[in-house]
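> When you get a sec, could you give me coordinates for this:
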Amino acid sequence: MIILLFFFLCISQIQTEFTSVRGFSDLDDFATPAGFGLLLVLGEDSIDNQAMAEQILNSLDSLPEYASVDLWCIAPDAPGYVEIADLSGYYNGYPSTVILVGHCGFLELDPQYLISEIVDSWFTWGDPDSRITGICNFCRRCNP
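Residues are numbered from 1 along each chain as shown. Model (predicted):
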């Protein structure tokens, strides 16, 4: 009973901080051309999901105060999960973290270096004042 309660508590915390999406169609609707977001691709283990969500949220403290970051998550039972999961989970399976820049720039981040990867991604592709290069050449959605 305690494990079940913990599971629902973890999922509810993820759902309050992250907007649930059902697939690329939702991401395309929510994302903006100049936007920068983080997508949490959930796995089956709620404890691992919660730990990854906390890592993502903690990494936001390392970004400048003016940083605008959208937070999304997709669950294994979502209709578009398989399509997204096929392009992520490369490092350690799921959960995984993906950045989404604009409508398309889709790149998985290494969970071992998650904070530095998020900070680097923000200053490379997210910060409108310091965008160094486009993400298209690195995008896993277009170049799997």
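
> C-terminal to the strand or helix carrying T16, what's the next element?
Assigned by DSSP states H and E, T16 belongs to helix 2-17. For helix 2-17, the succeeding helix or strand toward the C-terminus, using DSSP H and E, is strand 19-20.

> Identify all contacting residues around that next one.
Strand 19-20 has contacts (C-beta atoms under 8 Å, 6 or more residues apart in numbering) with F30, D70, L71, W72, C73, I74, A75, A78. Every C-beta, even on glycine, is put in place using the N, C-alpha and C of the backbone.

> Mind checking what helix or strand follows that strand in sequence?
Strand 19-20 is succeeded, C-terminally, by helix 24-30 (DSSP H and E).

> Run through the neighbouring helices and strands of the helix or strand following that following helix.
Moving toward the C-terminus from helix 24-30, the next helix or strand (DSSP H and E) is strand 36-41. Other elements packing on strand 36-41 under the criterion 3 or more C-beta pairs under 8 Å, 6 or more residues apart in numbering; DSSP states H and E are helix 46-59, strand 70-74, helix 81-85, strand 96-101.

> buried set for stretch 106-122?
Within stretch 106-122, the residues that count as buried by 16 or more other C-beta atoms under 10 Å are F106, L107, E108, L109, P111, L114, I115, E117, I118, V119, S121, W122.

> Quick one: low-confidence residue ranges for this protein.
1-15, 103-104, 131-144 (pLDDT under 70).

> separation between L63 and L40?
Using C-beta to C-beta, to the nearest Å, one gets 16 Å for the distance from L63 to L40.

> So these two - more neighbours on which side?
More crowded of L63 and L40, by other C-beta atoms under 10 Å: L40, with 26 against 19.

> Do I have it right that the more buried one meets Q55?
No: contact criterion C-beta atoms under 8 Å: L40 and Q55 do not qualify, at 9.6 Å.

> any common contacting residues for the two?
Contact with both L40 and Q55 is made by residues T97, according to C-beta under 8 Å, 6+ apart.
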